[in-house]
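K.L.:
sharing a model prediction with you, sequence too.
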Amino acid sequence: MNNPIEIPNSPPPQPKKNNTLSMIIYALYLANFVIPFAAIIGVIMAYVNKGDENDFLQSHYQFQIRTFWIGLLYFIIGSLLTLILIGWLILLFYAIWLIIRCVKGFKYLNDQQPIPNPTSWMFG
């Protein structure tokens, strides 16, 4: 009557993927508000590493690259239109848009999930 206790087979825990580089890129985008040209370093890092990782991080790199170029477009249009005052609203929208995209990117990275729609122009 000495039966060993059976433990149901559970799948081994998934190893955490190294997403530190993607987090650094999101942080550089946010740091661009106080450190000029930090976002340029971030987009270069995203371009350099976009082919090295799996699908999970590929979507983040694609999202980050698009965030840079779309944000640059919003920034240029907003800056040009500040002469007729509507540009200030565009620049405010750009700042809020960038913060939301980076926070969502951090959230998905923390959950080890890909960005659902990395080609979106809005918030992802």
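P.N.:
Cool, the structure landed.
K.L.:
now the strands: where do they sit in the chain?
P.N.:
In the chain, no strands are defined using DSSP state E.
K.L.:
low-confidence ranges in this structure?
P.N.:
Residues of the chain meeting the criterion pLDDT under 70: 1-17, 53, 121, 123-124.
K.L.:
which residue is nearest the centroid of it?
P.N.:
A centroid search over the chain (Cα atoms, centre = their mean) returns Gly105, at 3.8 Å, as the residue closest to the centre.
K.L.:
would you agree that residue is in contact with Tyr26?
P.N.:
Yes. Using Cβ atoms under 8 Å, Gly105 is in contact with Tyr26, at 4.9 Å. All C-beta atoms are positioned from the backbone trio N, CA, C, and that covers glycine.
K.L.:
tell me the residues that contact both of the two, please.
P.N.:
Shared contacts of Gly105 and Tyr26 (Cβ atoms under 8 Å, 6 or more residues apart in numbering): Gln64.
K.L.:
what sits against Met122?
P.N.:
Here Met122 is in contact with Trp97 (Cβ under 8 Å, 6+ apart).
K.L.:
over to Ile90?
P.N.:
Contacts for Ile90 (Cβ under 8 Å, 6+ apart) come out as 74, 77-78, 81.
K.L.:
just the buried ones from those residues?
P.N.:
The neighbour-count criterion (16 or more other Cβ atoms under 10 Å) marks 74, 78 among the contacts of Ile90 as buried.
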